[in-house]
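A.B. asks: need the 3D shape of this:
(chains A and B)
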Amino acid sequence: MLRATDASASYGEVAVFRDLSIEVDAGEVLAVIGPSGVGKTTLLRLLALSHEPDDGSVALDGTEAWAVDAAERLALRRRVGFVFQEANLFDASVARNVEYGLRVRRSWADRAGSLFGRSAPDAVHEALDVVGLADETGRHAASLSGGEAQRVSFARALAYEPDALLLDEPTSDLDPRNTAVIEEAIGEARDRGIGVALATHDMHQAERVADRVAVLLDEGITEVGPTERVFEDPADERTRKFISGELVY
Amino acid sequence: MSVPVEPVAQLLPVLLDPAAWPGTSLFGASFRDGYVGSIIAVSLYVSLTAVALSTLISVPAALAIGLADFPGKGFVKSVVNTGMGFPSVVVGLVVLFAVSNQGPLGSLELIFTREAMIMSQFVLATPPITAISLAAVDGVDDGVRDAARALGGTRLDAALVVVKEARYGIATAVLAGFGRAISEVGSVLIVGGNITGADGISKTRTLTTAIQLEARQGQYETAMVLGAVLVALVLTVNAVVVRFGGRGAQG
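C.D. replies: Next comes the predicted model:
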């Protein structure tokens, strides 16, 4: 469904990765694991169609994002959800935050109408229900704890029913309880047929939630495969050393 | 934070009530004759118009500078910040030259008119409104902008999110611009001429130029009354903006 083919990315003269190919299928959770700074976030931004690769292509359902015009690319981009490491909530209520993705997809006339006290759409309540915050629509974002804010951020990406959901270390700053809620929500997204890519440096989390694992090391993916097989019997020596902790970055 | 508007609002009628100032007479005309009211009206008309026009230019300019990356961005910011220190008398001189018979706008016959005063106050208000708005835009976390884009927003949507996040800073910027405009003396004196009609009604006389004239003539009591009106106006506008901002913060 969402595929990067022979993609390369760099910051200035510094290459992040080269000739990387990866695919996220509908209804699966793909964990991208690797040490900090290896390019997991950059890879997700490429898959989110917000950054153009230096070389290679990124396609959603066979449509190459950087071969079409800006309007068509925006339409593709709107089929992908993104949750950042930090919640990045807007200075507004929980409901207004979660509704944002729906609002920008509406016409300007509809948006103007929603300024005057219209209640939040059902999709907002449903998305918040997935993260256990359905009763918190009226709270202001600033009053939320870090864990609650990240759960709202997850609901915000889920509300407009994306085909693919990209999660960039979404639980790295969370306590176990909020982490568990997010992980359950990841499972719910998969059950809805959404293709989920989860960047994480927490290998235990990858084992818990992922159907497949991609290991990103040294400017490229060393191995992709079913979670159990990659952790139990990695085919690549660098992958084995990374998972066993012998490869220290 | 909440600023009480009522006490400030109550101050204005008291100041404008002749019974509250027995014996006070401005240039031989009482409050009731409309002299002070006309000065307030001219001051508000000139300053509010100048600030409104400046806001229309300054906020989009601050957004454009703040959101775009381009060579020389730091230099542009320096120029904008430097503009906050423009001497108002020099601005008045430049505008006077522009609207004088020999100037490029001479054919419009704007000299000693309220429109010329608006021009000079526009020039004076634009740098602080732009600079403070720019600081507010710069202060918005990049993550918020990224989130707006990642959630399917266009560049315009992301810019609107930035405006909303920076709204208190932008309101402060507009307020600062209004404060600079309405309390300014030098340029409006030069380009406006501090003129009243034969009936004593202000044509281009503002609160500040009237205070300057009264103080020069030794009419300190009158100057103090006008000064109090000026302070009350600024406080009222300030209180309204803060209260409006406070309500927005809760929504």
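
A.B. asks: contact partners for B:Tyr45?
C.D. replies: Residues near B:Tyr45 by C-beta atoms under 8 Å, 6 or more residues apart in numbering or on different chains: B:Arg114. To be clear about C-beta, it is placed using only N, CA and C from the backbone, and glycine gets the same treatment.

A.B. asks: that one: which element?
C.D. replies: Under the criterion of DSSP states H and E, B:Tyr45 resides in helix B:35-67.

A.B. asks: ok, now A:Thr179?
C.D. replies: Here A:Thr179, judged by DSSP H and E, is contained in helix A:176-191.

A.B. asks: what do you get for A:Ala149?
C.D. replies: Using DSSP H and E, A:Ala149 sits in helix A:146-158.

A.B. asks: so what touches that helix?
C.D. replies: Under the criterion C-beta under 8 Å, 6+ apart, residues A:81-84, A:86-89, A:94, A:97-98, A:100-101, A:124, A:127-128, A:130-133, A:136, A:141, A:144, A:165, A:167, A:170-171, A:173-175, A:177-178, A:181-182, A:185, A:189, B:147, B:150-151 lie in contact with helix A:146-158.

A.B. asks: now restrict these to buried residues only.
C.D. replies: A:81-84, A:86-89, A:94, A:97-98, A:100-101, A:124, A:127-128, A:130-131, A:133, A:136, A:141, A:144, A:165, A:167, A:170-171, A:174, A:178, A:181-182, A:185, A:189, B:147, B:150-151 (16 or more other C-beta atoms under 10 Å in any protein chain shown).

A.B. asks: show only the entries of those residues found in strands.
C.D. replies: A:81-83, A:165, A:167 (DSSP state E).

A.B. asks: can you tell me which of those are up against chain B?
C.D. replies: A:81-82 (C-beta under 8 Å from any C-beta of the partner chain).

A.B. asks: residues in contact with the helix or strand harbouring B:Ile211: which ones?
C.D. replies: Taking DSSP H and E as the criterion, B:Ile211 maps to helix B:207-216. Helix B:207-216 has contacts (C-beta under 8 Å, 6+ apart) with B:26, B:39-40, B:43, B:182-185, B:188-189, B:192, B:194, B:202, B:205, B:220, B:222-223, B:226-227, B:229-230, B:233.

A.B. asks: now do the same contact list for the most centrally placed residue in chain A.
C.D. replies: The residue lying closest to the centre of chain A (C-alpha atoms, centre = their mean) is A:Leu166, at 1.5 Å. By C-beta under 8 Å, 6+ apart, the residues touching A:Leu166 are A:44, A:47-48, A:80-83, A:196-197, A:199.

A.B. asks: need the contact partners of the lowest-mean-pLDDT helix or strand in chain A.
C.D. replies: Here the helix or strand of chain A ranked lowest by mean pLDDT, DSSP states H and E is helix A:108-114, holding a mean of 76. With C-beta under 8 Å, 6+ apart as the test, helix A:108-114 has contacts from A:99, A:103, A:106.

A.B. asks: also stretch A:3-15?
C.D. replies: A:16-24, A:39, A:42-43, A:46-47, A:51, A:53-60, A:219.

A.B. asks: off-centre distance for the helix holding A:Ala149?
C.D. replies: 12 Å (C-alpha atoms, centre = their mean, to the nearest Å).

A.B. asks: just the strands in chain B please.
C.D. replies: Using DSSP E, strands in chain B do not occur.

A.B. asks: who's the closest spatial neighbour of the residue nearest the centre of it, skipping the chain neighbours?
C.D. replies: For chain B, B:Phe178 is the residue whose C-alpha lies nearest the centre (C-alpha atoms, centre = their mean; 2.1 Å). Residue nearest to B:Phe178 in three dimensions, not counting chain neighbours: B:Val51, with 4.8 Å by C-beta to C-beta, 6 or more residues apart in numbering or on different chains.

A.B. asks: residues near residue 155, how many?
C.D. replies: Answering for chain A, as no chain was given. By other C-beta atoms under 10 Å in any protein chain shown, 27 other residues sit near A:Ala155.

A.B. asks: switch to chain B, please.
C.D. replies: 12.

A.B. asks: and if you look at the one 10 residues further on?
C.D. replies: Per other C-beta under 10 Å, the neighbour tally for B:Glu165 reads 21.

A.B. asks: ok, now A:Ile221?
C.D. replies: A:Ile221 has 21 nearby residues by other C-beta under 10 Å.

A.B. asks: remind me which helix or strand the residue nearest to it when sequence neighbours are not counted belongs to.
C.D. replies: Distances taken as C-beta to C-beta, 6+ apart place A:Ala214 nearest to A:Ile221, at 5.3 Å, with adjacent residues excluded. Assigned by DSSP H and E, A:Ala214 belongs to strand A:212-217.

A.B. asks: describe which strands that strand pairs with in its sheet and in which direction.
C.D. replies: If you go by DSSP bridges, strand A:212-217 pairs up with strand A:29-33 (parallel), strand A:220-226 (antiparallel).

A.B. asks: of those strands, which approaches B:Asp138 most closely?
C.D. replies: strand A:29-33 (32.7 Å; C-beta to C-beta).

A.B. asks: show me what the helix or strand just after the closest one is in contact with.
C.D. replies: For strand A:29-33, the succeeding helix or strand toward the C-terminus, using DSSP H and E, is helix A:40-47. Helix A:40-47 is touched from outside by A:2, A:4, A:7, A:9, A:16-17, A:20, A:22, A:24, A:32-34, A:51, A:53, A:58, A:80, A:82, A:85, A:164, A:166-169, A:197, A:199-201, A:216, with contacts defined as C-beta under 8 Å, 6+ apart.
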